[in-house]
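*Asks:* got a sequence here, can you model it:
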Amino acid sequence: MHDKEHHASTKDINKLMGAAMEFDLVRHVCSDKDRNAEVVDKNYNLVKKYWKNTNQLSNQYFVGSKTGTTPKAGACLITQFEFGDYIA
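*Replies:* Below is the predicted model of the structure:
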């Protein structure tokens, strides 16, 4: 979904990832191997859903990742890695 008005740099995306990972809920959801939840569908019915984390980088050190692909940018990845006091 390329748009000439999109101007996010890798530095901008890195700031977003760092800010998101400060929230315990985001960290928890990113590290879940799978999740069951009840959600409301477009007809306001309560529906049970199951998600499985297919991110192969997800482990005790890679605490959050997001991948995506667009025709213009190609395959993209942002991830946060933590080992002891080291965060990257």
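
*Asks:* going forward, measure contacts between C-alpha atoms and count neighbours the same way
*Replies:* Will do.

*Asks:* which strands and helices sit next to the host helix or strand of residue 79?
*Replies:* For residue 79, the element it lies in under DSSP states H and E is strand 74-83. Contacts defined by 3 or more Cα pairs under 8 Å, 6 or more residues apart in numbering; DSSP states H and E place strand 74-83 against helix 10-20, strand 62-70.

*Asks:* make it 7 Å
*Replies:* With contacts defined as 3 or more Cα pairs under 7 Å, 6 or more residues apart in numbering; DSSP states H and E, the secondary structure elements packing on strand 74-83 are strand 62-70.

*Asks:* got the contact list for the strand it packs on?
*Replies:* By Cα atoms under 7 Å, 6 or more residues apart in numbering, the list of residues contacting strand 62-70 from outside reads 1, 27, 30, 31, 75, 76, 77, 78, 79, 80, 81, 82.

*Asks:* try 6 Å this time
*Replies:* Counting contacts by Cα atoms under 6 Å, 6 or more residues apart in numbering, the residues outside strand 62-70 that touch it are 1, 30, 75, 76, 77, 78, 79, 80, 81.
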